[in-house]
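A.B. asks: fold the following, please.
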Amino acid sequence: MSVFLKIVSGAYLVLVWLAFFIGLQAPLSRELQIPEGGATMGLFLIAVLLSIPGVALFAFGQLVGDVRAIRNRTTSP
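C.D. replies: Below you'll find the model as predicted:
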């Protein structure tokens, strides 16, 4: 279960940051009518905010794996 959670969260994070880097290639400042650096900062903030659930899911997967390892060590002689 922990490996599945880590794989899913890793794939989600890769997709979010890939979308960020693809978004940097598009000329967003002209389309959105905002200053030059504003579009880049906006994209970065959106990518960071979308990364929070992926990081939390990865941490939960790590916690599940650690609890399982601790439980297995305490029950075996």
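A.B. asks: does residue 63 belong to a helix or a strand, and which?
C.D. replies: helix 36-75 (DSSP states H and E).
A.B. asks: for residue 23, same thing?
C.D. replies: helix 2-25.
A.B. asks: what's the weakest-modelled helix or strand in this protein?
C.D. replies: Least confident helix or strand of the chain, by mean pLDDT, DSSP states H and E, is helix 28-32 with a mean of 61.
A.B. asks: now residue 57: how far from residue 26?
C.D. replies: Look at residue 57 and residue 26: by Cβ to Cβ, to the nearest Å, they are 28 Å apart. (Each C-beta comes from the backbone N, C-alpha and C, glycine too.)
A.B. asks: the more surrounded of these two?
C.D. replies: Counted by other Cβ atoms under 10 Å, residue 57 and residue 26 do not tie: residue 57 has more neighbours, with 17 against 11.
A.B. asks: leaving out the residues flanking it, which one is nearest to the more buried one?
C.D. replies: Nearest residue to residue 57 in three dimensions, chain neighbours excluded: residue 9, at 3.9 Å (Cβ to Cβ, 6 or more residues apart in numbering).
A.B. asks: ok, now residue 60?
C.D. replies: residue 5 (6.3 Å).
A.B. asks: what's the neighbour count on the one you found?
C.D. replies: The burial count for residue 5: 18, using other Cβ under 10 Å.
A.B. asks: got a pLDDT number for it?
C.D. replies: Note on residue 5: pLDDT of 90.
A.B. asks: could you verify my assumption that it touches residue 56?
C.D. replies: No - judged on Cβ atoms under 8 Å, residue 5 makes no contact with residue 56 at a distance of 10.4 Å.
A.B. asks: no further questions, thank you.
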